[in-house]
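Participant: 3D model of this:
(7 chains)
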Amino acid sequence: MAQRPLDVLNRALGSQVLVGLKGGREFRGKLAGFDVHVNLVLEDAEEIQGTEASKRYGTLVIRGDSVVYISPAE
Amino acid sequence: MAQRPLDVLNRALGSQVLVGLKGGREFRGKLAGFDVHVNLVLEDAEEIQGTEASKRYGTLVIRGDSVVYISPAE
Amino acid sequence: MAQRPLDVLNRALGSQVLVGLKGGREFRGKLAGFDVHVNLVLEDAEEIQGTEASKRYGTLVIRGDSVVYISPAE
Amino acid sequence: MAQRPLDVLNRALGSQVLVGLKGGREFRGKLAGFDVHVNLVLEDAEEIQGTEASKRYGTLVIRGDSVVYISPAE
Amino acid sequence: MAQRPLDVLNRALGSQVLVGLKGGREFRGKLAGFDVHVNLVLEDAEEIQGTEASKRYGTLVIRGDSVVYISPAE
Amino acid sequence: MAQRPLDVLNRALGSQVLVGLKGGREFRGKLAGFDVHVNLVLEDAEEIQGTEASKRYGTLVIRGDSVVYISPAE
Amino acid sequence: MAQRPLDVLNRALGSQVLVGLKGGREFRGKLAGFDVHVNLVLEDAEEIQGTEASKRYGTLVIRGDSVVYISPAE
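Facilitator: Numbers count the residues shown, from 1 in each chain, chains lettered A, B, ... in the order given. Sure thing, here's the model as predicted:
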């Protein structure tokens, strides 16, 4: 059974996700919301460089236009 | 309960936000308004380099197309 | 009371504004008009490098697609 | 008989695909879903550098806007 | 009285304009036409480098998507 | 008699085409399908560097957004 | 009398045109067709570097999204 991309995001609500942006920056946090444009709300967000958290942001609204991928933690 | 991205911006009205733009520039100021395109109005805005304010702008209208993320202060 | 981005531009008509473009160029001039695409009309426009005017343009129509921010003088 | 691009993706559901992104990054994984924007869901996804897997992601939602090509394994 | 951007272009028909493109190239010529996408028709067009004409083009149709600014001669 | 771009693609179905992408990559293969967004399906596709095939892909779905030009073999 | 951009292209059908693309590449050929997206069909097309033909393509379909300017020969 095929999984629609927004359904995968819906199941990831409340879980940790890794978000890759255009230009290569990566953020990690709890997925607290999203909309059909793939605009995202992350809580307890932090930017990742390599495997290290480099900066903490609290709540972060990310515009979908900048998002390359979203990977839910398993 | 999921939080929609624009609801998060709505709750941030009147508070300090950090705004990251394409290309890496960051601005900080009081979120005075926004629209569905995520065009933003900041007051007492300043550009941030590292942790320092590098330039002050007063009121700043930022086009949503340039916005990567918005982080409300907590 | 929230301020809508286009309302801020409307109140700035006839006043000096600073306009930042993608790629980092900045222009200054009197805001003489705009439309919903944030296409702008500046009069007595000049390009700014650092704090110096580097080139004068008279009337300048700027496409909204290139605009990053607009800051009304106060 | 011409093959429509989305039909090719539909037949690839459940199979390994190679996905090339803007900027040159490549990912490989099982195509678990997609939508009309070519947003993709990959499972057991990994990033490829040359012919080596460089990073493993589990489930990966990739925004169609970043996708350059998709090649189903044969 | 506010001036709409397309009205400014309309008044410039038949006059010399300077056109700046994404990436920094500049063209000069007589504005012979335009449409709502800000696609432009220049006649006796030439590319400008610094203050010199570097190449002559005759008639030039420029796609609006590439246009950053248009400055009518005064 | 003018030829519409999509008609040219339609006549090229089943023939070899050369496809140039943003950033300069070129692919060659049999055009097996396309849609109105100029999303393409190539079969027996290979990437070309200079005049050499550098990598073989089998079937390749290319997003129209990345396509610069398509040249049917003659 | 103003000339609309697409009317200029229409009059250029069957004539040589020079086409400039994003990133600076230039192609020359006989304009055999176009559509409202400014997708173009060139025949006997060749890429130009400086004033030299560097590569010959036969028929070339160019996506409008990549086109910066089109200059009909006179």
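Participant: what number of residues lie near the closest residue to chain F within chain A?
Facilitator: Of all residues in chain A, A:D65 sits closest to chain F, with a separation of 13.3 Å (C-beta to the nearest C-beta). C-beta coordinates here come from the backbone N, C-alpha and C atoms, glycine included. Residues within reach of A:D65, counting by other C-beta atoms under 10 Å in any protein chain shown, total 19.
Participant: these two touch, right, it and B:S66?
Facilitator: No. Contact criterion C-beta atoms under 8 Å: A:D65 and B:S66 do not qualify, at 9.7 Å.
Participant: got the contact list for A:I48?
Facilitator: Residues near A:I48 by C-beta atoms under 8 Å, 6 or more residues apart in numbering or on different chains: A:L18, A:E26, A:F27, A:R28, A:S54.
Participant: got it, and A:K30?
Facilitator: Counting by C-beta under 8 Å, 6+ apart, the residues that A:K30 touches are A:G14, A:S15, A:Q16, A:V17, A:L42, A:E43, A:D44.
Participant: Please report phi then psi for A:N10.
Facilitator: phi -60, psi -40 (degrees, to the nearest 10).
Participant: what sits against it?
Facilitator: By C-beta under 8 Å, 6+ apart, A:N10 has no neighbours at all.
Participant: any idea how far it lies from A:I62?
Facilitator: Applying C-beta to C-beta, to the nearest Å, the value for A:N10 to A:I62 is 17 Å.
Participant: quick one, strands of chain A?
Facilitator: Counting by DSSP state E, one finds strands in chain A at the ranges A:16-21, A:26-34, A:40-49, A:52-62, A:67-72.
Participant: Quick check: which of those strands is buried the most?
Facilitator: strand A:67-72 (a mean of 23; mean count of other C-beta atoms under 10 Å in any protein chain shown).
Participant: For the residue of chain A closest to chain F, report the pLDDT, please.
Facilitator: A:D65 is assigned 96 on the pLDDT scale.
Participant: contacting residues around it?
Facilitator: A:H37, B:D65, D:D65.
Participant: okay, these in TSV with distance to D:S71 next?
Facilitator: Output for those, formatted as TSV (distance: C-beta to C-beta, whole Å):
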residue	distance to D:S71
A:H37	28
B:D65	31
D:D65	19
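Participant: bridging residues for the spatially most central residue of chain A?
Facilitator: In chain A, the residue lying closest to the centroid (C-alpha atoms, centre = their mean) is A:V19, at 3.8 Å. A:V19 forms beta bridges with A:F27, A:I70, as assigned by DSSP bridges.
Participant: Whether the least confident helix or strand in chain A by mean pLDDT contacts chain B - can you check?
Facilitator: Least confident element among the helices and strands of chain A, by mean pLDDT, DSSP states H and E: strand A:52-62 (a mean of 91). Yes. Strand A:52-62 is in contact with chain B by C-beta under 8 Å from any C-beta of the partner chain, via A:Y57, A:G58, A:T59, A:L60, A:V61, A:I62.
Participant: Now for these: which two are most distant?
Facilitator: Greatest spatial distance in the residues of strand A:52-62 next to chain B: A:G58 and A:I62, 13.2 Å, computed using C-beta to C-beta.
Participant: Of the contacts of A:D65, which is the nearest to E:P72?
Facilitator: B:D65 (26.2 Å).
Participant: where does chain A dip in pLDDT?
Facilitator: A:1, A:74 (pLDDT under 70).
Participant: Which positions in it make contact with chain B?
Facilitator: A:13, A:21-23, A:27, A:32-35, A:39-41, A:45, A:57-63, A:65-66.
Participant: give me that answer again for 10 Å
Facilitator: Within chain A, the positions near chain B by C-beta under 10 Å from any C-beta of the partner chain are A:9-10, A:13-14, A:19, A:21-23, A:25, A:27, A:31-35, A:37-43, A:45, A:47, A:56-67.
Participant: residue in chain A nearest to chain C?
Facilitator: Closest point on chain A to chain C, by C-beta to the nearest C-beta, is A:D65, at 13.3 Å.
Participant: Can you tell me how far that residue is from C:V68?
Facilitator: The value you get for A:D65 to C:V68, if C-beta to C-beta is used, is 14 Å.
Participant: likewise A:T59?
Facilitator: Taking C-beta to C-beta as the measure, A:T59 falls 24 Å from C:V68.
Participant: ok, now how distant is the residue in chain A positioned nearest to chain G from B:K22?
Facilitator: Going by C-beta to the nearest C-beta, chain G is nearest to A:D65 of chain A, at 16.6 Å. A:D65 sits 9 Å away from B:K22, taking C-beta to C-beta as the criterion.
Participant: anything in contact with each of those two?
Facilitator: A:L21, A:K22, B:D65, B:S66, B:V67, B:V68 (C-beta atoms under 10 Å, 6 or more residues apart in numbering or on different chains).
Participant: contacting residues for A:L18?
Facilitator: Per C-beta under 10 Å, 6+ apart, neighbours of A:L18: A:26-29, A:48, A:69-73, D:57-58, D:60.
Participant: Reformat those as CSV; add distance to E:P5.
Facilitator: Below are the contacts of A:L18 laid out as CSV (distance: C-beta to C-beta, whole Å):
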residue, distance to E:P5
A:E26, 39
A:F27, 37
A:R28, 42
A:G29, 40
A:I48, 42
A:Y69, 38
A:I70, 38
A:S71, 43
A:P72, 45
A:A73, 48
D:Y57, 45
D:G58, 49
D:L60, 42
